[in-house]
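Enquirer: Let me see the structure of the following:
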Amino acid sequence: MSRTHRTSIVSLLLIVFVLGCGGRKIRPQVDDTQATVSTDGGSSKQFVDQAMTYLRDLDRYPAGKVKVEVLERMNRWLMSQKLDPGWQPDPMVAELPAEIQSLPGLQDLDSRGFLDQPERFSSVTFRGSEFDFLVGTYWAKSISDWIKNKQTPPADIQAFLDAQRNQTLEESQVNDLGLAYLLFDWTVRHIHPVRPIELEEGKFAPGTSRDVWNALQLTEGDAQERARVFILLCRQQGLDAVAVKFGQGDGVPQVVGVAIGQDLFLFDMAYALPIAEKDGTGIQRLSHLVKHPEGLQAMASKNYKYPVSAEDLEHVTLLIDAPSASLTQASQLLEGVLSGDSTMKVHVDPTSLKDRLASFPGVTDIQLWTVPYQAENAITKRLSDPQLGPLFQVERWVYDTMTPFAIARTLQLMCKFEDQSQQLGARTMYMDTRVMERQFRIANPREQLEMLAVGGMDLPDDPKVQQFFLDRVRKNVLLWRELASFNLGVIALGDGQHDSAIFFFEDGTLKEFPNTRFKSAAYYGVGRSAEAIARQDDNQEMAQKAYDFYTDDDDVLSPYRRGNALRAERLPLVNAKEEPAEEKPMKDSDMTDSAPEPKDEPKDEPASESEASPAEPEPETES
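Expert: Residues are numbered from 1 along each chain as shown. Take a look at the predicted model:
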């Protein structure tokens, strides 16, 4: 390996290592120039424009510093505004249970500014402020704009849409429904239900473990967290979407309804499929399903009944997702001044939405959804737990520091995939992360020490201390490689590069990291990629591969199994395996639920068994 290439790899390694050792002194400073701000001189709106500029440059600066700048400017702008002394919170807030109304996020909705995180969090994480809400909304706007401009529905969905045109829907409504499907499909390909780590089990109700921004950043979420991401994406494109709960019991909602015309079209977030029409195709309407409950049979597979009954359809409750920050007078004023590239939907008017949906056929009740407010409290709950608190700090270190992986993830959320003239894209940053780990892994200990020295690290002479440094670097870069490989598969699947997606899911993730938390998600990714090739080319071999990956996930608790079983049965050109049909008892958990190596990277050698699936990275310590 040349000294020059070795130095470039080490520069990436040092970012990973130094940040992990508490090295936080060297940070790029945010350019405070107003040259890019298009606003009348002296106008208070310049503060909003500056704040949005910081959000657009989140890949360039540490998120903690961006948070400070964004909240400061948003609040300076708000101080110049004249608040309406007669403004009242939405009446639906008063209908919430008392324990929900008492949560911090629902206080002072008429008069408060954009809240910073609680002081007790400041020493461990900058998260927990309303910056999280703003950055999550910005990501959702960036993603939904990219989907609208770059993606088209698959052939089967397009055929269904064409059949609705000028018959049941107007042209603009057909377009809205097509966009809703694309936003749904992005959600189920990017937000993955993973089995919680043992320490988390039983500590969070469904949907409350992660707020929306956190689910987006980690690419993780159960059916309710998926639903919330999908609803936010729809909101950014002017589509009204709500969670749908069937029945009068305490069942957990796993369906989202998108309002098109005077009806709700239904998408199942646990199955990762739209609720189909009777023949197993298209997207079902609530009004038709309520009148014809036998249509539910389209969602049943050989081994699994669909967890909604005809009796459940007699009582349909719509749940409005309205985060606490979206209910403030401040967010209402802010949405009124956002324009152009900065346009975002940051305010929610629940009563207006309720009034629109109340007349929809089949709807019996409409409420504010309590899950968002409980999810906003997830950080407090984690940091107050002696075991989950340190794990959350490690998570923040993985995703919020200026490492190649964290920058790549931010670029991915901003849909900046390809290299620009002065900026690397998400693909290149992920590939650099993979190369970084491989080059360090194949070097012997002496070469590894030399690589660190070449990069400028002044290592002590004590062999034990040197070994500590080496062990830490090895562990950190291996975790980044696992995450980078999986996300490269996700990007390739979204771009229709299905051979590449199969490589990164199958070889780069499953073979290299057989114990990865994303195992079931990678099986799903291979299945989706192979299915796309099979349908496009009438490829029986790929159809069989898709069937095998949909049905061979050996995790009996995989949240994908019900939707995957249905996908497998709908595949053309396959020979189904003969297995005894045994319906398992329903549980609440059931409700929630090879391409060539790129030429610019040498062929990877498989990681040793001891390195195959790293545990959580070590928390930050001072060194």
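Enquirer: And the helices in the stretch 251-400 of the chain, which stretches?
Expert: Per DSSP state H, counting those that start in this stretch, the stretch 251-400 of the chain carries helices over the ranges 286-291, 329-337, 350-357, 371-376, 378-383, 388-400.
Enquirer: tell me the average confidence for the first one?
Expert: Right, the one you point to is helix 286-291. The average of the pLDDT scores along helix 286-291 is 96.
Enquirer: Ok, stretch 112-128 next?
Expert: Here stretch 112-128 scores 92 as its mean pLDDT.
Enquirer: Okay, buried residues for the strand or helix carrying Ile100 please.
Expert: Under the criterion of DSSP states H and E, Ile100 resides in helix 98-101. For helix 98-101, the neighbour count (16 or more other Cβ atoms under 10 Å) marks Ile100 as buried. Every residue, glycine included, has its C-beta placed from N, CA and C.
Enquirer: Show me what that helix is in contact with.
Expert: The contact list for helix 98-101, computed with Cβ atoms under 8 Å, 6 or more residues apart in numbering, reads Val93, Ala94, Leu106, Thr370, Tyr373, Gln374.
Enquirer: buried subset of the residues you listed?
Expert: Val93, Leu106, Thr370, Tyr373, Gln374.
Enquirer: Using a markdown table, lay out the residues you listed together with pLDDT and distance to Thr380.
Expert: Below are the buried ones among the contacts of helix 98-101 laid out as a markdown table (pLDDT from 0 to 100; distance: Cβ to Cβ, whole Å):
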| residue | pLDDT | distance to Thr380 |
| --- | --- | --- |
| Val93 | 98 | 20 |
| Leu106 | 97 | 14 |
| Thr370 | 97 | 16 |
| Tyr373 | 98 | 12 |
| Gln374 | 97 | 11 |
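Enquirer: Just give me the residue right at the centre of this structure.
Expert: Centroid check for the chain by Cα atoms, centre = their mean gives Leu216 as the closest residue, at 2.5 Å.
Enquirer: how far away is it from Gln540?
Expert: 37 Å (Cβ to Cβ, to the nearest Å).
Enquirer: How far away from the center of its chain is stretch 464-472?
Expert: 35 Å (Cα atoms, centre = their mean, to the nearest Å).
Enquirer: Same question for stretch 482-499.
Expert: The answer for stretch 482-499 is 15 Å, by Cα atoms, centre = their mean.
Enquirer: Ok, stretch 118-137 next?
Expert: Stretch 118-137 has its C-alpha centroid displaced from the chain centroid by 18 Å (Cα atoms, centre = their mean).
Enquirer: repeat for stretch 464-474
Expert: 33 Å.
Enquirer: Only the buried residues of that stretch, if you could.
Expert: Applying a neighbour-count criterion of 16+ other Cβ under 10 Å, one finds Gln466, Phe469, Leu470, Arg472, Val473, Arg474 buried in stretch 464-474.
Enquirer: Mind checking the pLDDT average for it?
Expert: Per-residue scores along stretch 464-474 average to 74.
Enquirer: now swap in stretch 49-56 and tell me
Expert: For stretch 49-56, mean pLDDT rounds to 95.
Enquirer: Tell me the gap between that stretch and the middle of its chain.
Expert: 22 Å.
Enquirer: Over to stretch 331-350?
Expert: So, by Cα atoms, centre = their mean, the centroid of stretch 331-350 is 22 Å from its chain's centroid.
Enquirer: Give me the contact list for it.
Expert: 45, 48-49, 52, 56, 74, 77-78, 81, 83, 90, 92-93, 133-134, 137-138, 141, 235-236, 238, 320-323, 325-328, 368.
Enquirer: quick one on the thing from earlier: tell me the secondary structure for the residue nearest to the centre of the chain?
Expert: For Leu216, the assignment made with DSSP: H, G, I helix; E, B strand; the rest coil gives helix.
Enquirer: can you check Val244 too?
Expert: From three-state DSSP, the assignment for Val244 is strand.
Enquirer: okay, and for the stretch 451-600 of the chain, where does confidence drop off?
Expert: 452-459, 472, 475-476, 575-600 (pLDDT under 70).
Enquirer: how about 90 then?
Expert: 451-480, 552-558, 572-600 (pLDDT under 90).
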